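# Show me how the following folds:
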Amino acid sequence: MANIVIVSGSPSSTSRSEQVLLYLGKRVEQEGFSIKHISVKDVEAGDLLFGNFNSEQVKQISLELEQADGVIVGTPVYKSSYSGVLKALIDLLPQDILQDTPVLPLMTGGSASHLLAIEYTLKPLLASLKGQTIKGLYFQDSQLDKTRENPITDIEILERTEKQLDYFLGKVNQNIKYHRLVQVY
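As a prediction, the model looks like this:
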(Lines give C-alpha, C1' and ligand atoms only; values in the text may rest on other atoms or scores of the structure.)
Protein backbone atom coordinates (compact mmCIF):
# COMPACT_ATOMS: atom_id res chain seq x y z
CA MET A 1 0.00 0.00 0.00
CA ALA A 2 1.37 3.40 -1.00
CA ASN A 3 2.16 5.83 1.77
CA ILE A 4 1.13 9.48 1.37
CA VAL A 5 2.35 12.07 3.86
CA ILE A 6 0.32 15.26 4.30
CA VAL A 7 2.19 18.24 5.72
CA SER A 8 0.24 21.15 7.12
CA GLY A 9 2.04 24.48 7.33
CA SER A 10 -0.82 26.13 9.18
CA PRO A 11 -0.30 27.09 12.82
CA SER A 12 -4.09 26.80 13.36
CA SER A 13 -6.01 23.52 13.57
CA THR A 14 -9.18 25.25 12.35
CA SER A 15 -7.70 26.98 9.31
CA ARG A 16 -9.08 26.55 5.82
CA SER A 17 -5.77 25.02 4.73
CA GLU A 18 -6.00 22.41 7.47
CA GLN A 19 -9.59 21.56 6.54
CA VAL A 20 -8.72 21.11 2.85
CA LEU A 21 -5.78 18.86 3.81
CA LEU A 22 -8.01 16.73 6.04
CA TYR A 23 -10.51 16.39 3.19
CA LEU A 24 -7.77 15.41 0.72
CA GLY A 25 -6.51 12.86 3.24
CA LYS A 26 -9.93 11.23 3.31
CA ARG A 27 -10.06 11.22 -0.49
CA VAL A 28 -6.60 9.64 -0.68
CA GLU A 29 -7.66 6.92 1.76
CA GLN A 30 -10.76 6.24 -0.36
CA GLU A 31 -8.40 5.53 -3.25
CA GLY A 32 -6.62 2.83 -1.22
CA PHE A 33 -3.59 4.75 0.00
CA SER A 34 -2.45 5.07 3.59
CA ILE A 35 -1.91 8.55 4.93
CA LYS A 36 0.10 10.19 7.67
CA HIS A 37 -0.63 13.77 8.76
CA ILE A 38 2.21 15.98 9.92
CA SER A 39 1.47 19.45 11.25
CA VAL A 40 3.87 22.23 12.12
CA LYS A 41 1.79 22.89 15.22
CA ASP A 42 2.75 19.46 16.57
CA VAL A 43 6.48 20.25 16.52
CA GLU A 44 8.02 21.80 19.61
CA ALA A 45 8.20 25.55 19.08
CA GLY A 46 11.69 25.68 20.59
CA ASP A 47 12.96 23.10 18.11
CA LEU A 48 11.69 25.21 15.22
CA LEU A 49 12.81 28.54 16.67
CA PHE A 50 16.32 27.41 17.58
CA GLY A 51 16.87 25.06 14.62
CA ASN A 52 17.21 21.85 16.63
CA PHE A 53 18.28 19.35 13.97
CA ASN A 54 18.63 16.67 16.67
CA SER A 55 15.00 16.90 17.77
CA GLU A 56 13.35 13.48 17.94
CA GLN A 57 10.21 14.96 16.35
CA VAL A 58 12.20 16.36 13.43
CA LYS A 59 14.02 13.05 12.99
CA GLN A 60 10.66 11.22 12.94
CA ILE A 61 9.24 13.67 10.39
CA SER A 62 12.36 13.22 8.25
CA LEU A 63 11.95 9.44 8.37
CA GLU A 64 8.26 9.63 7.43
CA LEU A 65 8.99 11.97 4.51
CA GLU A 66 11.91 9.85 3.34
CA GLN A 67 9.66 6.76 3.25
CA ALA A 68 6.73 8.54 1.59
CA ASP A 69 5.60 7.54 -1.87
CA GLY A 70 3.97 10.96 -2.28
CA VAL A 71 3.61 14.17 -0.28
CA ILE A 72 0.90 16.81 -0.11
CA VAL A 73 1.99 20.14 1.39
CA GLY A 74 -0.50 22.84 2.27
CA THR A 75 -0.18 26.28 3.80
CA PRO A 76 -2.10 29.50 4.10
CA VAL A 77 -0.67 32.53 2.32
CA TYR A 78 1.00 35.00 4.68
CA LYS A 79 2.45 38.19 3.20
CA SER A 80 2.44 36.66 -0.29
CA SER A 81 4.29 33.51 0.80
CA TYR A 82 4.03 30.26 2.77
CA SER A 83 3.87 30.34 6.56
CA GLY A 84 7.08 31.08 8.42
CA VAL A 85 6.58 28.08 10.66
CA LEU A 86 6.48 25.81 7.57
CA LYS A 87 9.77 27.32 6.43
CA ALA A 88 11.25 26.76 9.88
CA LEU A 89 10.35 23.05 9.63
CA ILE A 90 11.60 22.72 6.05
CA ASP A 91 14.92 24.28 7.09
CA LEU A 92 15.47 21.41 9.55
CA LEU A 93 14.97 18.65 6.96
CA PRO A 94 17.75 17.05 4.90
CA GLN A 95 18.29 18.90 1.62
CA ASP A 96 17.20 16.01 -0.63
CA ILE A 97 14.48 14.53 1.60
CA LEU A 98 11.90 14.53 -1.22
CA GLN A 99 14.27 13.19 -3.90
CA ASP A 100 12.10 12.04 -6.85
CA THR A 101 8.94 12.06 -4.71
CA PRO A 102 5.72 13.41 -6.29
CA VAL A 103 4.55 16.47 -4.34
CA LEU A 104 1.17 18.20 -4.55
CA PRO A 105 1.46 21.78 -3.26
CA LEU A 106 -1.59 23.76 -2.15
CA MET A 107 -2.22 27.17 -0.69
CA THR A 108 -5.21 29.07 0.63
CA GLY A 109 -5.52 32.82 0.54
CA GLY A 110 -7.95 35.65 0.94
CA SER A 111 -8.01 36.72 -2.69
CA ALA A 112 -6.84 35.93 -6.21
CA SER A 113 -4.06 38.50 -5.81
CA HIS A 114 -1.95 35.84 -4.04
CA LEU A 115 -2.50 33.18 -6.72
CA LEU A 116 1.11 33.26 -7.91
CA ALA A 117 2.48 32.65 -4.42
CA ILE A 118 2.27 28.93 -5.10
CA GLU A 119 4.47 29.30 -8.20
CA TYR A 120 6.97 31.80 -6.83
CA THR A 121 7.34 30.67 -3.23
CA LEU A 122 5.98 27.21 -2.35
CA LYS A 123 7.02 25.27 -5.44
CA PRO A 124 10.62 26.53 -5.36
CA LEU A 125 10.81 25.67 -1.64
CA LEU A 126 9.67 22.10 -2.35
CA ALA A 127 11.97 21.86 -5.38
CA SER A 128 14.89 22.72 -3.09
CA LEU A 129 14.13 19.43 -1.32
CA LYS A 130 14.30 17.70 -4.73
CA GLY A 131 10.56 16.96 -4.84
CA GLN A 132 8.72 16.47 -8.14
CA THR A 133 6.09 19.17 -7.78
CA ILE A 134 3.00 19.06 -9.93
CA LYS A 135 0.74 21.95 -10.91
CA GLY A 136 -0.71 22.56 -7.45
CA LEU A 137 -3.91 24.03 -6.07
CA TYR A 138 -4.83 27.51 -4.86
CA PHE A 139 -8.05 28.15 -2.97
CA GLN A 140 -9.57 31.51 -2.14
CA ASP A 141 -11.29 31.79 1.22
CA SER A 142 -14.58 32.52 -0.58
CA GLN A 143 -14.40 29.06 -2.24
CA LEU A 144 -14.18 27.24 1.09
CA ASP A 145 -16.40 26.56 4.09
CA LYS A 146 -14.26 25.16 6.86
CA THR A 147 -17.29 23.93 8.80
CA ARG A 148 -18.17 21.29 6.18
CA GLU A 149 -16.68 17.81 5.82
CA ASN A 150 -15.85 18.74 2.22
CA PRO A 151 -14.79 22.36 2.64
CA ILE A 152 -14.57 23.06 -1.11
CA THR A 153 -17.83 24.83 -2.01
CA ASP A 154 -16.98 26.01 -5.52
CA ILE A 155 -17.86 23.26 -8.06
CA GLU A 156 -15.23 24.33 -10.60
CA ILE A 157 -12.49 24.32 -7.95
CA LEU A 158 -13.71 20.96 -6.64
CA GLU A 159 -13.46 19.47 -10.15
CA ARG A 160 -9.96 20.92 -10.57
CA THR A 161 -9.00 19.52 -7.17
CA GLU A 162 -10.23 16.05 -8.10
CA LYS A 163 -8.27 16.19 -11.39
CA GLN A 164 -5.08 17.30 -9.65
CA LEU A 165 -5.50 14.65 -6.97
CA ASP A 166 -6.00 11.94 -9.61
CA TYR A 167 -2.95 13.19 -11.50
CA PHE A 168 -0.88 13.24 -8.30
CA LEU A 169 -1.93 9.71 -7.32
CA GLY A 170 -1.17 8.54 -10.87
CA LYS A 171 2.34 9.98 -10.52
CA VAL A 172 2.73 8.23 -7.17
CA ASN A 173 1.72 4.89 -8.74
CA GLN A 174 4.11 5.43 -11.67
CA ASN A 175 6.91 6.20 -9.26
CA ILE A 176 6.22 3.05 -7.26
CA LYS A 177 6.25 0.89 -10.41
CA TYR A 178 9.49 2.50 -11.57
CA HIS A 179 11.22 1.86 -8.23
CA ARG A 180 10.05 -1.76 -8.26
CA LEU A 181 11.52 -2.24 -11.75
CA VAL A 182 14.81 -0.67 -10.69
CA GLN A 183 15.00 -3.03 -7.68
CA VAL A 184 14.50 -6.06 -9.95
CA TYR A 185 17.52 -5.10 -12.03
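# In terms of helix, strand or coil, where does the most centrally placed residue in the chain fall?
Closest residue to the average C-alpha location of the chain: V73 at 1.1 Å, with C-alpha atoms, centre = their mean. State at V73, reduced to three classes by DSSP: H, G, I helix; E, B strand; the rest coil: strand.
# Below-threshold pLDDT in this structure: ranges please.
Counting by pLDDT under 70, the low-confidence segments of the chain come to 1, 179-185.
# repeat that for 80
Along the chain, the parts satisfying pLDDT under 80 run over 1-2, 177-185.
# Going by residue numbers, what spans are strands in it?
Assigned by DSSP state E, the strands in the chain fall at 3-8, 34-39, 70-76, 102-109, 132-133, 137-140.
# Next, the angle from whichever helix in the chain runs longest to strand 3-8.
When secondary structure is assigned using DSSP state H, the longest helix within the chain turns out to be helix 155-184. Taking axes from the mean of the first three to the mean of the last three C-alpha atoms, to 10 degrees, one finds that helix 155-184 is oriented at 130 degrees with respect to strand 3-8.
# Tell me which other helices or strands helix 155-184 touches.
The contact analysis (3 or more C-beta pairs under 8 Å, 6 or more residues apart in numbering; DSSP states H and E) places helix 155-184 against helix 16-30, strand 70-76, strand 102-109, strand 137-140. To be clear about C-beta, it is placed using only N, CA and C from the backbone, and glycine gets the same treatment.
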